[in-house]
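Q: give me a 3D structure for the following:
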Amino acid sequence: MARRGRPSHLERPAASLRQIRSGRARRLTCVSGANNVRMDLVNTTTFDLLSAGPRCGEVPSESRPRGRWLQISLRTLLLVLLAAATAESAEPIHRFNHSDRVNSVAISPDGKLVACGSRSVVVRELKTGKVVFNRTFEGIIWSVAFSPDSKRLAVTNHFGPIAIWDLASEKRLVAARSRFKRVNAVAFSPDGELLATADERLPVEVLAADTGKVAVTLSGHADGIDCVAFSPDGKLLATGSLDRTVRIWNVATAKEILSLVGHEWYVASVAFSPGGKRLASASDDGTVRIWDLSLGKPIMSINAHKNWVTCVAFTRDGKRIISSSNDSTLKVWDVTSGKLLSTLQGHEQGVNSFAVSADGTLLVTGSEDSTVKVWDVLSVFGNSVGK
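A: The predicted structure is shown next:
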């Protein structure tokens with residue numbers, strides 16, 4: 001069934017692209033304009049214009065051929081097809097298989113390592129795929145996070161304590177018992193001294209990273225926490241909750257600064273912009289929202305995915321955001337216009353987590369299909385993610 005308010009013939013581009021990739025669709029005829037129509041024939045393998053039809057008056061709807069027809073300009077059509085074909089046909093640099101779904105991935109700040117959380121925690125060299133750390137736990141891993149110096153790794157699993165490991169010696173430095181068996185996410189402060197935890201029990205706790213003891217307690221949410229993120233300067237902490245709100249806290253004073261209300265379901269991911277003036281939030285309601293923190297108001301709400309959104313992040317220049325979803329896609333959005341710039345269909349099942357290297361060149365994705373994939377950002381998204 002077509003979505004309300006959208007012509008039914010615009011509901012089929014994904015199927016057409018699959019046909020193009022498989023070689024089953026060799027030519028595509030497009031109609032451009034509403035009242036001034038030109039009918040062009042395009043080779044969908046090479047994207048060459050085979051023939052350009054003369055301009056004519058409006059084509060009555062009953063006279064328009066059925067099938068792979070799109071009511072957009074030829075130039076726009078070619079750009080869309082080229083971008084989509086690039087993203088859909090891109091091959092990962094590495095593919096790592098796990099025994100169960102992958103809930104969390106992280107790239108070390110120095111860009112050398114990638115950590116993957118599934119039934120076990122596996123840390124690999126990002127360029128070669130060589131395993132440098134491997135630990136199996138009693139329960140499934142919910143979150144992994146590198147310290148700013150890339151030397152430590154924080155891990156949360158379903159049954160055990162929050163653990164911080166020294167990667168060089170492979171020794172556990174800290175074991176902090178949670179009040180509840182499930183800690184959904186953790187995040188180091190930019191100076192590496194604090195570890196924020198997203199617990200299904202309240203209040204929010206921020207731990208001292210060297211001891212695991214509670215350093216800051218934050219009270220205000222009405223339900224458990226699903227995600228946490230520090231601002232670039234470490235002064236603020238964002239928390240996303242099952243109560244459908246995002247709260248912004250002053251870490252030093254433990255005071256709530258803002259309560260951001262608008263999502264219709266659980267908040268699954270939060271991310272500060274590089275300058276710390278904006279925040280992106282992703283929700284199980286399928287939307288991504290961008291907030292102006294100086295105003296405490298939303299700038300934009302994007303109907304980003306057909307299913308719940310699992311992760312969101314700004315690009316290095318702050319002009320775009322990337323989102324992942326249980327619909328198995330990653331998408332790149334323009335922050336100013338909300339326009340969809342590119343889509344990656346890189347997994348067979350939902351994408352639970354992704355991470356982008358600090359230099360913006362590599363992307364790592366973890367999925368319900370039990371795989372982790374490493375992608376070259378330029379090959380996947382072209383210039384849509386900026387510099």
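
Q: which pLDDT value belongs to residue 333?
A: Confidence at residue 333, expressed as pLDDT, is 96.

Q: and it, what element?
A: strand 329-334 (DSSP states H and E).

Q: mind giving me the packing neighbours of that strand?
A: Strand 329-334 sits against strand 320-325, strand 340-345, strand 351-356, with contacts defined as 3 or more C-beta pairs under 8 Å, 6 or more residues apart in numbering; DSSP states H and E. Bear in mind the C-beta positions are built from the backbone N, C-alpha and C, glycine included.

Q: deepest-packed of those, please.
A: Highest mean neighbour count among those (mean count of other C-beta atoms under 10 Å): strand 320-325, with a mean of 26.

Q: who does that strand pair up with?
A: Applying DSSP bridges, strand 320-325 is found paired with strand 309-314 (antiparallel), strand 329-334 (antiparallel).

Q: including distance to residue 160 and mean neighbour count, could the ones you listed go into CSV?
A: As requested, the strands paired with strand 320-325 are exported to CSV (distance: least, C-beta to C-beta, whole Å; neighbours: other C-beta atoms under 10 Å):
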stretch, distance to residue 160, mean neighbour count
strand 309-314, 23, 24
strand 329-334, 30, 22
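
Q: tabulate these (TSV), appending distance to residue 294.
A: Converted to TSV, the strands paired with strand 320-325 look like this (distance: least, C-beta to C-beta, whole Å):
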stretch	distance to residue 294
strand 309-314	17
strand 329-334	21
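
Q: can you give me the helices in the protein?
A: Using DSSP state H, the helices of the chain run over 13-22, 74-89, 377-381.

Q: tell me where the model's unsure across the stretch 1-150 of the chain.
A: 1-89 (pLDDT under 70).

Q: give me the pLDDT value at residue 307.
A: Residue 307 carries a pLDDT value of 91.

Q: quick one, what contacts it?
A: For residue 307, the contact set (C-beta atoms under 8 Å, 6 or more residues apart in numbering) comprises 286, 325, 326, 327, 350.

Q: what of residue 222?
A: Neighbouring residues of residue 222 by C-beta under 8 Å, 6+ apart: 241, 243, 245.

Q: what is the last one paired to in the beta sheet?
A: According to DSSP bridges, the partner residues bridging residue 245 are residue 261.

Q: burial measure for it, as a count.
A: Neighbour count for residue 245, taken as other C-beta atoms under 10 Å: 20.

Q: likewise the first one?
A: By the other C-beta under 10 Å criterion, the neighbourhood of residue 241 contains 23 residues.

Q: surely it and residue 221 touch.
A: Yes. Using C-beta atoms under 8 Å, residue 241 is in contact with residue 221, at 4.5 Å.

Q: now do the shared contacts for the two.
A: Jointly contacting residue 241 and residue 221 under the rule C-beta under 8 Å, 6+ apart are residue 247.

Q: who touches the closest residue in space to residue 377 that isn't next to it in sequence in this structure?
A: Leaving out its chain neighbours, the residue that sits closest to residue 377 by C-beta to C-beta, 6 or more residues apart in numbering is residue 363, at 5.2 Å. Residues in contact with residue 363, defined by C-beta under 8 Å, 6+ apart, are 330, 354, 355, 356, 357, 374, 375, 376, 377, 380.

Q: from the residues you listed, pick the one nearest residue 145.
A: Within those, distances to residue 145 taken as C-beta to C-beta reach their minimum at residue 355, with 10.0 Å.

Q: quick check: bridge partners of that closest one?
A: residue 364.

Q: got a list of what it touches?
A: Contact analysis of residue 355 by C-beta under 8 Å, 6+ apart lists 105, 106, 107, 114, 313, 363, 364.

Q: mind putting the residues you listed into a markdown table with distance to residue 296?
A: Shown next, in a markdown table, are these (distance: C-beta to C-beta, whole Å):
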| residue | distance to residue 296 |
| --- | --- |
| 105 | 31 |
| 106 | 30 |
| 107 | 31 |
| 114 | 36 |
| 313 | 22 |
| 363 | 31 |
| 364 | 33 |
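
Q: list of residues touching stretch 286-293?
A: With contacts defined as C-beta under 8 Å, 6+ apart, stretch 286-293 is touched by 236, 246, 248, 258, 260, 262-264, 276-283, 297-309, 312, 321, 323, 325, 333, 335.

Q: thinking residue 185 is in contact with residue 226, fair?
A: Yes. Using C-beta under 8 Å, residue 185 is in contact with residue 226, at 7.0 Å.

Q: domain ranges for the protein?
A: Following automatic domain parsing, one gets these domains for the chain: 8-89, 94-385.

Q: now find how far off-centre the last one is within its chain.
A: So the one you mean is domain 94-385. Domain 94-385 sits 9 Å away from the centroid of its parent chain (C-alpha atoms, centre = their mean, to the nearest Å).

Q: hang on, the earlier thing: from the contacts of residue 307, which single one is nearest residue 231?
A: Taking C-beta to C-beta as the measure, residue 231 sits nearest to residue 325 out of these, at 25.1 Å.

Q: what is the neighbour count of the nearest residue to that closest one once chain neighbours are set aside?
A: Distance criterion C-beta to C-beta, 6+ apart; nearest residue to residue 325, sequence neighbours excluded, is residue 305 at 3.6 Å. The number of residues packed near residue 305 is 24, by other C-beta under 10 Å.

Q: give the contact list for residue 305.
A: Contacts here follow C-beta under 8 Å, 6+ apart; on that basis residue 305 touches 286, 323, 325, 326, 327, 329, 331.
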